[in-house]
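>>> structural data only, the sequence is not supplied:
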Ligand SMILES: [Zn+2]
């Protein structure tokens, strides 16, 4: 006890407070639960942390007070309000509240500081979750509400390969509440160059199951559902129904058209991507007026007309960049932040480092799934088209 008191006194001495004030200052503390019960227009929060910390996140409407200015004086705060002073964990704010009281204000220190406020405010999130996600939660585009939205969101990733690996890892790391991952293939040695969800000890394991294990190791608060079988015209509609956003990380055109058509018909947003050699392309579809994948590419290419990654090659880092962009699109959709790649295709060239957007502002009137005379009304009725195998990549 003595040690603690002396340490406190030492710290306070630095703030020009004498030992005799320690007991009295303890009574000048208030906990957040008590403040929450008070009329909020009678309170003014005063943040005495660094300017950078304040700019990264503060209690709404709090004013920032530089500690140097606090000592010098020459500032004005609302005298009619109760000043609730806070620092990071509630140590320095006691001295600051004392200083303000000596200047004629009514001030109290927030017990536990900004951290205590965060814990109350983020009650739906555990202490561990707040620590885990604090770097993204200080972003105004995320914050408390955004983190809760991520926690309540469900993203399905079709394909646990070169694109699905980085997408799944970043979504799990960010705290997406539920991740579904579908893949019927097994892990082979040639996958490990780019499919970073899988490790050498998983050779021969199903990719969806291997992905689940890796994601749980990264973040066990995320629910992961593995679908260790092929996505088909007969099972896709039931599969996507339970998700808010779909990531097309498939490696063949049949599956890409199937995902597109099923998502358009079900009114599900999704992000398409494709990769080959050093290039990648990515676009997002959200139900509404923006074009779908079929609006742009119309029909599944003839078998063998376009080389696949097994024939033309792919650099793992290119898949990594594009898969990360897919995760980013999913998160932006969930957070309602920024601008999605709807109505445009981002084309990434890893050799030249050119990123260019090709705009497709309108739906195609002749699109078979979303156009005026659409004839694809049910993917299972159109099954024969998707079952044609154009390319199989191992
Ligand atoms: Zn369309």
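Done, it's in. None of the values given here were measured: they were computed from a predicted structure.

>>> I'd say residue 69 and residue 75 touch.
Yes - here residue 69 lies in contact with residue 75, judged by C-beta atoms under 8 Å, at a distance of 5.7 Å. All C-beta spots, glycine's among them, are computed from the backbone N, C-alpha and C.

>>> pLDDT wise, what is residue 2 at?
Looking at residue 2, its pLDDT stands at 36.

>>> do the same with the one 10 residues further on
The model reports residue 12 with a pLDDT of 41.

>>> and what of residue 342?
pLDDT, residue 342: 97.

>>> the one 3 residues further on now?
The confidence metric pLDDT takes the value 97 at residue 345.

>>> other SSEs contacting the strand or helix carrying it?
Here residue 345, judged by DSSP states H and E, is contained in strand 344-349. Using 3 or more C-beta pairs under 8 Å, 6 or more residues apart in numbering; DSSP states H and E as the contact test, the elements touching strand 344-349 are strand 279-285, helix 316-335, strand 354-359.

>>> do you know which of the ones you listed lies nearest the ion?
Closest approach to the ion among these is made by strand 279-285 (8.4 Å; C-beta to the ion).

>>> the helix or strand following that closest one near the ion anywhere?
Scanning forward in sequence from strand 279-285 by DSSP H and E, the next helix or strand is helix 293-297. Yes - contact of helix 293-297 with the ion (C-beta under 5 Å from the ion) involves 294, 295.

>>> rewinding a little: the strand holding residue 345 pairs with which strands, parallel or anti?
strand 279-285 (antiparallel), strand 354-359 (antiparallel) (DSSP bridges).

>>> on that earlier part again, save the helices and strands packed on strand 344-349 as JSON lines, and put in distance to the ion too.
Shown next, in JSON lines, are these (distance: least, C-beta to the ion, whole Å):
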{"stretch": "strand 279-285", "distance to the ion": "8"}
{"stretch": "helix 316-335", "distance to the ion": "18"}
{"stretch": "strand 354-359", "distance to the ion": "16"}
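
>>> quick one: closest of these to residue 113.
Evaluated over those, closeness to residue 113 peaks at helix 316-335, with 26.9 Å, by C-beta to C-beta.

>>> get me the contact residues on the chain for the ion.
292, 294, 295, 367, 370.

>>> let's see 8 Å
260, 264, 291-295, 363-364, 367-371 (C-beta under 8 Å from the ion).

>>> one step back: got CSV for the helices and strands packed on strand 344-349, with mean neighbour count and mean pLDDT too?
Below are these laid out as CSV (neighbours: other C-beta atoms under 10 Å; pLDDT from 0 to 100):
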stretch, mean neighbour count, mean pLDDT
strand 279-285, 24, 97
helix 316-335, 22, 97
strand 354-359, 11, 97
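
>>> surely residue 117 touches residue 59?
Yes - because the distance of 5.6 Å satisfies C-beta under 8 Å, residue 117 is recorded as touching residue 59.

>>> now do the shared contacts for these two.
residue 86 (C-beta atoms under 8 Å, 6 or more residues apart in numbering).

>>> quick revisit: return the member of the residues of the chain next to the ion nearest to residue 64.
Ranked by distance to residue 64 (C-beta to C-beta), the residues of the chain next to the ion are led by residue 291 at 46.2 Å.

>>> ok, that closest one to residue 284 distance?
Residue 291 is 11 Å from residue 284, where distance means C-beta to C-beta, to the nearest Å.

>>> do residue 47 as well
Remark: distance between residue 47 and residue 284 (C-beta to C-beta) = 38 Å.

>>> again with residue 91
For residue 91, the distance to residue 284 - C-beta to C-beta - is 46 Å.

>>> in the protein, which helix or strand is least confident?
Ranking every helix and strand in the chain by mean pLDDT, DSSP states H and E puts helix 2-14 at the bottom, with a mean of 40.

>>> residue 139: neighbouring residues, count only.
If you count neighbours by other C-beta atoms under 10 Å, residue 139 ends up with 14.

>>> and what of the one 3 residues further on?
Residue 142: 23 surrounding residues under other C-beta under 10 Å.

>>> for it, which non-adjacent residue is closest in space?
Counting by C-beta to C-beta, 6 or more residues apart in numbering, residue 142 lies nearest to residue 136, which is 4.9 Å off, once chain neighbours are set aside.

>>> return the residues in contact with the one you found.
So residue 136 contacts 142, 146, 147, 174 (C-beta under 8 Å, 6+ apart).

>>> any regions of the chain where pLDDT drops low?
For the chain, applying pLDDT under 70 flags the ranges 1-27, 122, 304-305, 309-310, 388-394.

>>> that one: strands as residue ranges?
29-30, 43-47, 63-64, 82-86, 106-110, 154-158, 178-182, 223-227, 245-248, 270-276, 279-285, 344-349, 354-359 (DSSP state E).

>>> quick one on the thing from earlier: wait, which of the strands paired with strand 344-349 is closest to residue 300?
For the strands paired with strand 344-349, the distance to residue 300 is smallest for strand 279-285, at 16.3 Å, taking C-beta to C-beta.

>>> what sits up against that closest one?
So strand 279-285 is contacted by 260, 263-264, 269-275, 291-293, 296, 318-319, 321-322, 325-326, 329, 333, 340-342, 344-350, 360 (C-beta under 8 Å, 6+ apart).

>>> much appreciated, bye for now.
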